[in-house]
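> got a predicted structure plus its sequence, pasted below:
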Amino acid sequence: MIIFLLAYLGGALTILSPCILPVLPFVFARSGQPFIKSTLPMLFGMTLMFALVATLAAVGGSWAVQANQYGRFAALLLLGLFGLTLLFPTLSTSLARPFVDLGNRVLKSADQKPNAQNSPIIPSFLLGIATGLLWAPCAGPILGLVLTGAALNGANGHTTLLLFAYALGAATSLAAALLIGGKVFTAMKKSLGVGEWIRRGLGVAVIVGVVAIGFGLDTGLLTKLSLTRTSSIEQALLDRVHPQQAVSPSNSVNVIPVNSTENTNGLFTSSLPIEGNMPPLDGAVQWLNSPPLTAAELRGKVVLIDFWTYSCINCLRTLPYVNAWAKKYKDQGLVVIGVHAPEFAFEKDLGNVKKAVNDLHVTYPVAIDNNYVIWRAFNNQYWPAHYFIDAKGHIRFHHFGEGEYEKSEQVIQQLLREAGHTKLNNGLVQAEATGVSLAADNNDVQSPETYIGYSRANNFVPTDGQIQDKSHTYTTPNTLQANQWGLQGNWRIEKEKAVQISYTSHLKYRFHARDLHLVMGSSDGRPVHFRVLIDGAAPKASHGVDIDENGMGMVTGQRLYQLVRQTQTVKDRTFDIEFLEPGVELFAFTFG
């Protein structure tokens, strides 16, 4: 119930956002009409259509987006014609063709007083449907949470209802604004000749809105203006109602003191509670290092399920411990299963996953969960996430994020003893974590994980913003503030990545952390050489494992690259990477 309330409040906040501007003319064109029979049907139509289209866009893939484009074109034509009839009342009499006459009758009926023969409800509802096809609200934290859940959990009634609640919140704030503004418009219309001018002014506003949406201003410039105004409010709501559980070190839930008791039969019983039953492991597209495993055949074994993805820095930092546990307790009844659930599209590539499993020396079974079937069965939301299952198939403990490795290993020992394996080494593993796997220096990490693609990008600083899905020549300011970043040269920014088009293109970031990582790959599979500078100079001793002291490196696959590990005092520094050949793909920064 709380998440529905958050979605509703997030929608209501859109009235504060410039992204709502292109929709306002269509709504205010209803001023002076009966609220119940004219305005309300339009807002309901807008709410319903947005919920349906957003659901399809989140889960349906590119075909749904393409289909919606045809709907947008039709809606632009319909609302453009609506604006013209407001601007030129004689237009309907000068157009004689039956199709246009029919269209005019539909549009005009929404502006007429209701009577027994003529009700504006259906035409107003149709105009709301058209508006819903065009409306593209700014994706703040709340809408982002809803859309991410839709993408991971698939199409269902819960997703659509959340999106409907979001749109209903926006409709509520628009209705309130219209009720207030409508009284002013009505009073002005009673003045001498003012009503006709207001009608024409609204017609101009509607046409301007159509043009703005047609040229993408609602999802481009206005989106950039909006995020700084409402994101902080939405995030505060999320943090107050549902505190974030970030995937970070020492972030566990339901931590219970690990101990055991010996009963009268000499058997050990752990104090860990039963959190539920182990779900099925069906749905993996392929298994590595093992034939497919089932929950039934794992009975009698203690099982550790590790949700991970190979470009996730938090996952990579936990792997040395998971590997060590798998080796130490393999012969004593522990089965470790890695469930690889991709974050980026390239992580669905079986060849990429197989190479990563080999390079990372993962020898235990790995289920490739490209369709998030196992992810949803566990109701999981995090990378990495560890679920500890006893020999009877009960989930007894879980841990999200990095850290608390001693606690996790003690849980394994408790469950093994409970299963009858009493001759255990009580010592704890000392995992050898080096390179990328070395734990983060959290005292000095002041830069957040930063995505490059436009769906989740923030702190991007070129004056003209990100141009979506089109090649564009970008320039970066000479001076960057903390955690700002930008591109130099010709790039095409897509939903989850930026693709380099021109030679000698740059990416710059003003960061504060010991380590800097960049997830990247090559668009055509060919190697791309690059050079890294820190504050304008070669990194020398502060180079990461994927470059040399002069900052030279090469993109050879789609993965996470460690580019900086500072040996000096950690402070704000400017990272600059220059790509010497075109074709690189950039996905995300992470820090440690």
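Perfect, I can see it now.

> the closest residue to Gly544 other than its chain neighbours is in what secondary structure piece?
Across the structure, with CB to CB, 6 or more residues apart in numbering as the measure, the residue nearest Gly544 apart from its sequence neighbours is Gln562 (3.6 Å). Just so you know, the C-beta spots here come from the backbone N, C-alpha and C atoms, and that holds for glycine as well. Per DSSP states H and E: Gln562 is located in strand 559-565.

> tell me who's in contact with the residue nearest to Gly544.
Gln562 sits next to Gly435, Val436, Asp515, Leu516, His517, Gly544, Val545, Asp546 when contact means CB atoms under 8 Å, 6 or more residues apart in numbering.

> what about the second one, how many neighbours?
In terms of burial, Val436 registers 22 neighbours under the definition other CB atoms under 10 Å.

> and what of the last one?
Look at Asp546: counted by other CB under 10 Å, it has 21 neighbours.

> next, format the contacts of Gln562 as a markdown table and append pLDDT.
A markdown table is the format used below for the contacts of Gln562 (pLDDT from 0 to 100):
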| residue | pLDDT |
| --- | --- |
| Gly435 | 83 |
| Val436 | 84 |
| Asp515 | 95 |
| Leu516 | 97 |
| His517 | 96 |
| Gly544 | 95 |
| Val545 | 94 |
| Asp546 | 95 |
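
> find the nearest non-adjacent residue to Val555, please.
With CB to CB, 6+ apart, the residue lying closest to Val555 is Val528, at 4.3 Å.

> tell me the pLDDT at the one you found?
In this model, Val528 is scored at 93, pLDDT.

> any idea how far it lies from Arg565?
Distance, Val528 to Arg565, using CB to CB, to the nearest Å: 22 Å.

> with Leu43 instead?
From Leu43 across to Arg565, the span is 54 Å (CB to CB).

> ok, those two, which is more surrounded?
A count of neighbours by other CB under 10 Å puts Leu43 above the other of Leu43 and Arg565, at 25 against 21.

> setting aside sequence neighbours, what's the nearest residue to that one?
Leaving out its chain neighbours, the residue that sits closest to Leu43 by CB to CB, 6+ apart is Ala171, at 4.1 Å.

> name the helix or strand for the one you found, please.
Assessed by DSSP H and E, Ala171 sits inside helix 157-189.

> could you list the domains of this protein?
As given by automatic domain parsing, the domain ranges for the chain are 2-241, 260-434, 450-591.

> residue ranges of the strands in the stretch 201-350 of the chain, please?
In the stretch 201-350 of the chain, the segments counted as strands under DSSP state E, counting those that start in this stretch are 260-262, 268-270, 276-277, 286-288, 302-308, 334-340.

> would you turn those into a markdown table with distance to Val570?
Below are the strands of the stretch 201-350 of the chain laid out as a markdown table (distance: least, CB to CB, whole Å):
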| stretch | distance to Val570 |
| --- | --- |
| strand 260-262 | 42 |
| strand 268-270 | 41 |
| strand 276-277 | 42 |
| strand 286-288 | 38 |
| strand 302-308 | 28 |
| strand 334-340 | 32 |
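
> mind checking which of those strands is nearest Gly551?
Comparing the strands of the stretch 201-350 of the chain against Gly551 with CB to CB, the closest turns out to be strand 302-308 (29.9 Å).

> tell me what angle that closest one forms with strand 334-340.
Strand 302-308 runs at 20 degrees relative to strand 334-340, counting by axes from the mean of the first three to the mean of the last three CA atoms, to 10 degrees.

> tell me what whichever strand or helix holds His506 is packed against?
Take DSSP H and E as the rule and His506 turns out to sit in strand 505-511. With contacts taken as 3 or more CB pairs under 8 Å, 6 or more residues apart in numbering; DSSP states H and E, strand 505-511 sits against strand 485-493, strand 573-579, strand 584-591.

> so of the contacts of Gln562, which ones are in strands?
With strands identified by DSSP state E, the entries of the contacts of Gln562 that belong to them are Asp515, Leu516, His517.

> most neighbours of all those residues, which one?
For those, neighbours tallied by other CB under 10 Å; top is Leu516, 27 neighbours.

> make TSV from the ones in strands among the contacts of Gln562 and add distance to Tyr310 to it.
Rendered in TSV, the data for those read as follows (distance: CB to CB, whole Å):
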residue	distance to Tyr310
Asp515	18
Leu516	19
His517	13
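
> circling back to that earlier point, the residue nearest to Gly544 pairs with what?
Following DSSP bridges, Gln562 is listed with bridge partners His517.

> beta partners of His506?
Each beta-bridge partner of His506 is listed here: Gln488, Glu578, as defined by DSSP bridges.

> OK, contacts around it?
The contact partners of His506, by CB under 8 Å, 6+ apart, come to Thr476, Leu487, Gln488, Gly489, Asp576, Ile577, Glu578, Phe579.

> tell me the one of the residues you listed nearest Asp524?
Looking at the contacts of His506 and their distance to Asp524, the nearest is Phe579, at 13.5 Å (CB to CB).

> what about that closest one, distance to Leu43?
Summarising the geometry, the distance separating Phe579 from Leu43, computed by CB to CB, is 48 Å.

> also Leu163?
For Leu163, the distance to Leu43 under the criterion CB to CB works out to 15 Å.

> Leu507 now?
If you go by CB to CB, the gap between Leu507 and Leu43 works out to 43 Å.

> run through the stretch 251-400 of the chain and note the low-pLDDT ranges.
251-267 (pLDDT under 70).

> show me where it has helices.
When assigned using DSSP state H, counting those that start in this stretch, the helices of the stretch 251-400 of the chain occupy the ranges 313-328, 350-359, 373-377.

> format those as TSV; extra columns: distance to Gly11.
Formatted as TSV, the helices of the stretch 251-400 of the chain follow (distance: least, CB to CB, whole Å):
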stretch	distance to Gly11
helix 313-328	32
helix 350-359	38
helix 373-377	26
